[in-house]
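Asks: Kindly generate the corresponding structure for this input.
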Amino acid sequence: MDTTEYIRDLVTRFRKVLDERSKQLECFCRYGVQVEGWLKGELLFFFDSEKAAGRLVNVDREVQLGAGPGKKRVDFRLEIPVGVAILDAWIEVKHWLIGHQKGSKYNAVFYFGDVSSVGIKPAVETLTKVRRGSKYLLVLATANPAEDDWSNGVTKFNDKFPHLHLKALTNPTEFPKSYFLGLLEFSPNAQRQSS
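Replies: Next up is the predicted model:
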């Protein structure tokens with residue numbers, strides 16, 4: 001099993017946690033709110049449980065990259081046992097509202113194309129600073145954006161930011177209408193050079 005397969009399996013197990021929180025997820029959507037801190041707390045507890053079960057070697061949060069002004073932090077670094085090796089997986093986390101918030105409608109295409117901290121671009125740029133290991137973004141969308149919106153968003157990102165590249169590893173069709181857990185891989189080997 002490679003790192004990507006391991007992370008997919010981890011996300012599948014975390015989905016069971018979210019399935020138990022369906023009322024909370026529906027509430028977040030109904031009130032048009034993004035609660036990234038809540039998501040990070042749920043993930044930290046889940047990762048700690050995975051570590052206690054021996055499925056993770058170590059968990060670190062808010063990992064600082066570099067020193068000095070402008071230093072970046074990655075939400076999570078996981079040490080994963082893959083065969084006899086221990087590999088690093090870096091994860092940036094986002095929570096997106098799919099629907100209406102204060103009179104505006106938001107969809108996945110918007111978040112993929114937005115360059116502010118609301119969108120995904122700053123999180124991807126943070127991952128470019130990581131020098132080793134595999135890099136992922138985990139997006140909790142409440143409600144489910146549907147397959148077309150998600151895939152059009154990934155395409156928009158890859159077209160709009162040609163020096164960056166994301167690959168979708170999960171599909172909205174496999175999730176309920178109330179939420180989607182979007183796993184995206186960012187790989188230096190998949191980066192396209194800008195012309």
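Asks: tell me the average confidence for stretch 153-163?
Replies: In this model, stretch 153-163 has a mean pLDDT of 93.
Asks: Stretch 131-144 too?
Replies: Averaged across stretch 131-144, pLDDT comes to 94.
Asks: How about stretch 109-125?
Replies: On average, stretch 109-125 scores 91.
Asks: What residues sit buried inside the host helix or strand of D48?
Replies: Per DSSP states H and E: D48 is located in helix 36-52. By 16 or more other Cβ atoms under 10 Å, the buried positions in helix 36-52 come out as L39, K40, E42, L43, F46, F47, E50. For the C-beta atoms, the positions are set from N, CA and C on the backbone; glycine is no exception.
Asks: which residues in this protein form strands?
Replies: Listed in chain order, the strands of the chain (DSSP state E) span 58-65, 72-82, 85-97, 99-101, 104-106, 134-142, 166-168, 180-186.
Asks: looking at those, which is closest to R13?
Replies: Within the strands of the chain, the stretch nearest R13 is strand 180-186; the backing value is 11.1 Å (Cβ to Cβ).
Asks: The closest one to strand 134-142, inter-axis angle?
Replies: Taking axes from the mean of the first three to the mean of the last three Cα atoms, to 10 degrees, one finds that strand 180-186 is oriented at 160 degrees with respect to strand 134-142.
Asks: Can you list the strands that strand 180-186 pairs with?
Replies: Strand 180-186 has the following strand partners under DSSP bridges: strand 134-142 (antiparallel), strand 166-168 (antiparallel).
Asks: who touches the last one?
Replies: This means strand 166-168. For strand 166-168, contacts defined as Cβ atoms under 8 Å, 6 or more residues apart in numbering pick out 120, 124, 137, 150-151, 154, 157-158, 182-187, 190.
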